[in-house]
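Can you look at this prediction? I've put the sequence above it.
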Amino acid sequence: MRTLLRVAVLSLSAALAAPAAAQQAAPSAPAAAQQPASLGVTFNAFVALKPGMTADDVARVIGRPGRELSRAQAGGYTTVSYQWMADDMSAIMVTLQNDAVINVTQMSLKPPYPVRPATLATHAQLRPGMTLEQAMDVLGPGIPMSMTRLMNTVTFSVSWPGESLGSMLLVTFQDGKLASSMQAGLR
């Protein structure tokens, strides 16, 4: 379980960290051969999404086109956000700039591993600058929530539920280091 979270977060953050020009210049097989089978709106689909994918690539991974939420044009960039929602109201949201993924976010997707609840005591052990691995030594594996690459800065957020309904811990890492943490209702 710890390995799956590490692989999911680190592979997405490494891909997000790669310069866009290098992603575009890299030789690749035809897009259809690189894409996994349709995964639906699932945790596995969320972690399969990579920067540089097009809206069509993302639709192939999830199995259907997304619903366009917003579109803006400025400074030579076209930014479009899409949402894919499951019957249980869980969702994947993706933002693309000039038809290349720059952000993936999930809401209420269930990871295929158990997540230990966070407490005030475990939250108090977190320190700015910790790596994800160090945070997982304290908290155990969490749930990746979002990953963004903007201007060669990679930001990703991981959450842990608390022990009571609605309580949680959200930790944000920037360029691989703990940048902030916030909690709600932890005991």
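Received it, and whenever you're ready, just let me know what you need.

Not counting residues beside it along the chain, what's closest to the spatially most central residue of the chain?
The residue lying closest to the centre of the chain (C-alpha atoms, centre = their mean) is residue 146, at 3.3 Å. Leaving aside its sequence neighbours, residue 146 sits nearest to residue 105 (C-beta to C-beta, 6 or more residues apart in numbering; 4.0 Å). Yep, even glycine has a C-beta here, placed from its N, CA and C like the rest.

Contacts only, for the one you found.
Under the criterion of C-beta atoms under 8 Å, 6 or more residues apart in numbering, the neighbours of residue 105 are 92-94, 145-147.

Report the two of those separated the most.
Maximum pairwise distance among those (C-beta to C-beta): 13.7 Å, between 94 and 145.

neighbour-wise, which of those two wins?
residue 94 (25 against 18; other C-beta atoms under 10 Å).

tell me the secondary structure for the residue nearest to residue 146?
Three-state assignment for residue 105 (DSSP: H, G, I helix; E, B strand; the rest coil): strand.

who does it bridge with?
Beta-bridge partners recorded for residue 105 (DSSP bridges): residue 93, residue 146.

Quick check: it vs residue 145, distance?
Residue 105 is 7 Å from residue 145, where distance means C-beta to C-beta, to the nearest Å.

Strands along this structure, start to end?
67-74, 77-85, 91-97, 100-107, 143-150, 153-161, 168-174, 177-184 (DSSP state E).

just checking, what packs against the second one?
Okay, so that is strand 77-85. The helices and strands touching strand 77-85, judged by 3 or more C-beta pairs under 8 Å, 6 or more residues apart in numbering; DSSP states H and E, are helix 55-62, strand 67-74, strand 91-97.

Below-threshold pLDDT in the chain: ranges please.
1-37 (pLDDT under 70).
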